[in-house]
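Student: Mind folding the following:
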Amino acid sequence: MDNHSASIGNSALLAAAASEFASLPGHLTDAAVKEFLDRFPLPLIFIALKDGFDVPGLEGSLLSCLERILKTSYGVSLLPQCVIAQLLENSDKDDGVGVQAIVEHGVWPSIVACLADSDESVATAAAEAVKNLAKSTRGLELIFPAKAEVDTLLNEFAMNSSSMVRIRILAIIAALFGISDEAATAVHRSGLLGMFEQELNNTTDMLATLNVLEVLYEIVTTPIAAKFLLTKSMLQRLAATISNSAVDSLLRSRSITISARLLSSDGIYSAVDEFDVKNAVQAIDLDLERLKATDSNEREIALDALSQIGTVMRGAELLLCNTPPTARHAVDAACSRGWRNIQLAGTHALASISGQERGESTQLLNDQAETCLRNLIYTAAENSSKHSPSGLLWSLLQQDPEIRLAAYRLITGLVMRQWCLWEVCAKQEIINLVTNPHSETTKIGMEFRHSCCVAISNALLSSSFKNDPAFSDVSEKLQAAVRRGPYLAKEFVAPKPQVATEERY
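Tutor: So this is what the prediction gives:
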């Protein structure tokens with residue numbers, strides 16, 4: 001018998017069994033459904049419906065059978081896993097066959113309902129089904145209908161569900177942002193993002209708020225997130241949480257990190273009122289001021305936030321131009337020797353603010369910001385035992401490898417400024433260290449040292465000091481180190497003839 005004949009025979013058997021099962025009297029028990037599905041699993045039923053074998057009564061019997069199965073808790077519990085399997089099988093296609101089957105057989109409402117199932121595995125499977133649906137255009141249209149005035153089934157379900165279920169839906173939203181820009185746009189259009197702000201306003205349930213912040217943190221890692229999350233009310237809500245000393249440190253820390261990610265997007269400075277942006281930065285400033293005598297994890301996270309904000313020019317200017325300048329916290333931390341973790345975070349933050357990660361065209365800031373940066377560093381040096389910026393930089397370079405790497409970043413960012421270039425080139429110890437190929441033993445250390453050397457050399461060659469006789473030796477030393485490369489390159493040694501006495505036997 002050929003495969004086609006065998007398939008028809010199996011389908012005839014399935015049709016007879018489905019017809020008999022669909023005509024069973026009374027309410028079906030889970031045990032009866034399980035016994036039937038053990039013989040004819042749901043994937044087999046869906047395949048039979050899709051393939052459409054020419055067996056009289058097959059489609060009608062299967063649809064009647066499915067209708068009864070999906071009215072039992074056992075049948076519903078299996079549905080998400082089955083849908084996932086079917087969708088994954090055709091995840092690279094957008095022919096809409098799977099979506100059409102879901103629509104025709106009324107499966108979508110059941111998938112959404114499973115998001116609230118007390119069985120975590122069922123709820124997780126339903127969430128995976130939604131994510132897989134969103135990978136196709138037809139699937140997105142099913143989840144988020146084109147008619148903007150009509151609430152989606154997901155919206156209605158979220159509004160009438162418990163906090164736990166809403167968190168599950170928010171987690172799905174976060175995943176959709178990572179799938180495609182089209183999916184993120186559909187989420188935004190649906191209005192579901194408003195749930196984040198609603199949940200953040202729930203100050204009575206700390207765990208729920210923390211879960212929302214964790215989901216928000218996942219979303220803001222996607223490139224398109226800022227476009228849809230940069231709203232006046234969102235920034236205000238985050239700033240309020242940061243400013244509230246009564247809430248748990250975990251909530252403030254997560255709010256700080258999320259705010260920093262949003263503020264590190266160039267788009268925010270044109271999309272949101274300047275007042276609200278400054279208010280968010282001011283909230284971080286006040287938190288750092290409150291924590292300045294501690295080495296707490298929250299203070300370290302807040303310093304990391306300054307580093308993130310400083311990666312964009314507008315962010316760095318904001319940190320330096322507000323009153324008092326928020327960047328002072330980074331300078332104070334970098335110059336302190338009390339707590340290593342705080343000094344490390346502060347040095348990295350100051351490096352980012354100075355432009356180490358920005359392109360050459362945006363490395364230098366406006367005049368007000370540049371003046372503030374110079375004054376902050378010189379004032380900190382005068383108030384320390386080092387007495388000069390070069391002394392501070394040399395002090396950082398003499399510390400453990402991690403802080404030394406941060407110091408390389410800081411010099412790389414600052415050295416484009418004439419005042420810092422002079423400080424660095426006039427400090428022979430700094431030049432000797434950055435040009436010494438043996439000063440670092442790790443790959444990353446060698447690369448950071450060499451990058452710092454390149455930055456100093458390039459700045460010197462493009463500055464008014466390039467023809468200064470006082471720096472001619474420094475320039476030659478830097479250029480030689482640049483040519484040598486970052487790693488432990490051996491000096492070239494010309495081969496010499498070996499002369500030995502001939503051995504005689």
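Student: Show me the contact partners of the helix or strand containing Arg409.
Tutor: Using DSSP states H and E, the secondary-structure element containing Arg409 is helix 401-414. Under the criterion Cβ atoms under 8 Å, 6 or more residues apart in numbering, residues 334, 340, 343-344, 347-348, 350-357, 363, 377, 393, 396-399, 420, 424, 430, 434, 440, 442, 444-445, 448-449, 451-452, 455-456 lie in contact with helix 401-414. Glycine gets a C-beta too; all of them are placed from N, C-alpha and C.
Student: Buried ones in it, by neighbour count?
Tutor: Buried positions in helix 401-414, judged by neighbour count with 16 or more other Cβ atoms under 10 Å: Ile403, Arg404, Leu405, Ala406, Ala407, Tyr408, Arg409, Leu410, Ile411, Thr412, Gly413, Leu414.
Student: One more: stretch 446-462?
Tutor: Across stretch 446-462, burial judged by 16+ other Cβ under 10 Å covers 446-457, 459-460.
Student: I'd like to know which of the residues you listed is nearest to Lys135.
Tutor: Glu447 (38.7 Å; Cβ to Cβ).
Student: quick one: the nearest residue to that closest one once chain neighbours are set aside from Cys452, how far?
Tutor: Using Cβ to Cβ, 6 or more residues apart in numbering and skipping residues adjacent in sequence, the residue nearest Glu447 is Pro486, 4.9 Å away. Applying Cβ to Cβ, to the nearest Å, the value for Pro486 to Cys452 is 10 Å.
Student: remind me which residues of the chain are low pLDDT?
Tutor: Across the chain, the ranges flagged by pLDDT under 70 are 1-10, 50-54, 79-98, 100-101, 104-105, 147-151, 203, 226, 230, 488-505.
Student: and the buried residues of stretch 446-462 as a markdown table, adding distance to Ala125?
Tutor: Shown next, in a markdown table, are these (distance: Cβ to Cβ, whole Å):
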| residue | distance to Ala125 |
| --- | --- |
| Met446 | 49 |
| Glu447 | 45 |
| Phe448 | 46 |
| Arg449 | 51 |
| His450 | 51 |
| Ser451 | 48 |
| Cys452 | 52 |
| Cys453 | 55 |
| Val454 | 53 |
| Ala455 | 52 |
| Ile456 | 57 |
| Ser457 | 58 |
| Ala459 | 58 |
| Leu460 | 62 |
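Student: In CSV: those, plus secondary structure and distance to Ala240.
Tutor: CSV is the format used below for the buried residues of stretch 446-462 (DSSP: H, G, I helix; E, B strand; the rest coil; distance: Cβ to Cβ, whole Å):
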residue, secondary structure, distance to Ala240
Met446, helix, 46
Glu447, helix, 42
Phe448, helix, 39
Arg449, helix, 44
His450, helix, 45
Ser451, helix, 40
Cys452, helix, 41
Cys453, helix, 46
Val454, helix, 45
Ala455, helix, 41
Ile456, helix, 44
Ser457, helix, 48
Ala459, helix, 43
Leu460, helix, 48
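Student: just those now: which is nearest Cys65?
Tutor: Nearest to Cys65, judged by Cβ to Cβ, of these is Glu447 at 64.9 Å.
Student: And the residue nearest the centre of the chain?
Tutor: In the chain, the residue lying closest to the centroid (Cα atoms, centre = their mean) is Thr221, at 2.4 Å.
Student: Can you report how many residues lie near the residue lying closest to that residue once chain neighbours are set aside?
Tutor: Leaving aside its sequence neighbours, Thr221 sits nearest to Arg261 (Cβ to Cβ, 6+ apart; 7.2 Å). Here the number of neighbours of Arg261 (other Cβ atoms under 10 Å) works out to 20.
Student: hmm, back to that, and the residue nearest to Glu447, what does it touch?
Tutor: Met446, Glu447, Arg449, His450, Ser451.
Student: how near is Val76 to Val33?
Tutor: Taking Cβ to Cβ, one finds Val76 at 10 Å from Val33.
Student: who has more neighbours, the two?
Tutor: Taking neighbours as other Cβ under 10 Å, Val76 and Val33 compare with Val33 leading, 22 against 19.
Student: Just the element for the more buried one, please.
Tutor: In this structure, Val33 is located in helix 30-39 according to DSSP H and E.
Student: For that helix, which outside residues touch it?
Tutor: Ala17, Phe21, Leu24, Cys65, Ile69, Thr72, Ser73, Tyr74, Gly75, Leu78.
Student: Go ahead and confirm His348 touches Ser307.
Tutor: Yes: applying Cβ atoms under 8 Å, one finds His348 in contact with Ser307, separated by 5.2 Å.
Student: So which of those two has more stuff around it?
Tutor: Between His348 and Ser307, counted using other Cβ under 10 Å, the more crowded position is His348 (26 against 23).
Student: contacting residues for that one?
Tutor: Neighbour list for His348: Leu303, Asp304, Ser307, Ala406, Arg409 [criterion: Cβ under 8 Å, 6+ apart].
Student: now do 10 Å
Tutor: Neighbour list for His348: 303-304, 306-307, 310, 330, 333-334, 356, 402-403, 405-407, 409-410 [criterion: Cβ atoms under 10 Å, 6 or more residues apart in numbering].
Student: before we move on, what about Ser462?
Tutor: Met416, Leu421.
Student: do Leu286 as well
Tutor: Applying Cβ under 10 Å, 6+ apart, we find Leu286 in contact with Ala239, Ile242, Ser243, Ser245, Thr326.
Student: same thing but 8 Å
Tutor: Counting by Cβ under 8 Å, 6+ apart, Leu286 touches Ile242, Ser243.
Student: can you check the one 5 residues further on too?
Tutor: Residues in contact with Leu291, defined by Cβ under 8 Å, 6+ apart, are Glu298, Arg299, Ala302.
Student: closest to Thr231 among those?
Tutor: Ala302 (22.7 Å).
Student: quick one: the closest one and Ile256 touch, right?
Tutor: Yes: using Cβ under 8 Å, Ala302 is in contact with Ile256, at 5.4 Å.
Student: okay, and the common contacts of these two?
Tutor: In contact with both Ala302 and Ile256: Ile284, Asp287, using Cβ under 8 Å, 6+ apart.
Student: now the helices for the stretch 201-350 of the chain?
Tutor: Ranges of helices within the stretch 201-350 of the chain are 206-219, 225-229, 232-243, 249-263, 268-271, 274-290, 297-309, 313-321, 328-335, 340-354, based on DSSP state H, counting those that start in this stretch.
Student: That concludes my questions; thank you for your assistance.
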